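Coordinates for the following, if possible.
(one chain, ligands or ions: 2)
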Amino acid sequence: MELRILGAHQGESDSYRFFSLMVSDSLTMDAGSLTSSLSWEAQAHVRSLLLTHAHFDHIKDLNVLGFNHFNRGLHLDVYCLPEVRDAIRTHMFSRDIWLDLSARPTPGKPAITFHNIEPYRTFTLEGYEITPIPSIHTVPTVGYKVAKEGKSFYYTSDTGPGNVDHWVRANPDLLLTEVTYDSSMDQLAVEVSHLTPSRLKTELQALKKALGRLPRVVVLHINPVYQEEVAREISLVATDLDADITIAHEGMRIVL
Ligand SMILES: [Zn+2]
Ligand SMILES: [Zn+2]
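Ligands and ions are numbered 1, 2, ... in the order given. Presented below is the predicted three-dimensional model:
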């Protein structure tokens, strides 16, 4: 597997992008930066999108990719919880804003088709084994474990602390986890269900205890305002736990 992180932050500028991940040229995860990061040609290869939740930073480019596909006669299959589909159809695909891409050009042959997922119901997509795994967040959210040819990674999506039982069950070779704020912002982080480096450390300690090892860890979804402090604290966590932890960046490629 060769993954490419298109967007690695909770913010957008000419150098930061909201989260999107390419599992392959056609299989993608979250839509924070699918069109802002991909060429016109590359977008045409995108056939499948796994969504973790309906927060705007994870769906921002869905309308744009759907619109581009609509105009090019292409089709996108979107996999998500029913609550996520309903939020997108109600708000993002509202005709008050633009067009309902799940019903145009025709309801029988729309640009975007939604498919329901269920926590822990594994399905096969484009040769990958996909398992949705619940996360703790302010809206219904799953992360995904993706496995192929004996290798696996697990993306937590946005998550607050206390989800480690699910991380243990995922038992991946690579853990892609969010850390949004620095450790001085613990109260806010818990309130809005995100992690800080010190909260990640607690989760990783519990994971190590349960598994007897730690997977390789890549940290993403850092709010750019706190980038420097989070990076500094994460390097201390890596040293303390003797763990392989790196900070993600836009365009990062990971080979599994
Ligand atoms: Zn969120
Ligand atoms: Zn987010």
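
Look up how far residue 111 lies from the residue of the stretch 151-256 of the chain found nearest ligand 1.
When Cβ to the ion is the measure, the stretch 151-256 of the chain has its nearest residue to ligand 1 at residue 158, with 3.5 Å between them. Any C-beta I mention is one placed from the backbone N, CA and C, and that applies to glycine too. As defined by Cβ to Cβ, to the nearest Å, residue 158 lies at a distance of 27 Å from residue 111.

What of residue 16?
Here the distance between residue 16 and residue 111 works out to 28 Å (Cβ to Cβ).

So between those two, which is more surrounded?
Legend: neighbour count by other Cβ atoms under 10 Å for residue 16 and residue 111, higher for residue 111 (24 against 18).

Could you pull up the residues touching the more buried one?
Contact analysis of residue 111 by Cβ atoms under 8 Å, 6 or more residues apart in numbering lists 66, 67, 69, 70, 74, 75, 76, 101, 102, 104, 105.

which residue packs closest to the fourth one, ignoring adjacent ones?
Going back to what we said before, that points to residue 70. If you skip the residues right next to it in sequence, residue 70 has residue 111 as its closest partner in space, 3.8 Å away by Cβ to Cβ, 6 or more residues apart in numbering.

Next, the one you found: phi, psi?
Geometry field for residue 111 lists phi and psi as phi -70, psi -30, criterion degrees, to the nearest 10.

So in this protein, where's the weakest helix or strand by average pLDDT?
strand 105-106 (a mean of 90; mean pLDDT, DSSP states H and E).

Starting from it, tell me the next helix or strand along the chain.
Using DSSP states H and E, the helix or strand that directly follows strand 105-106 along the chain is strand 109-110.
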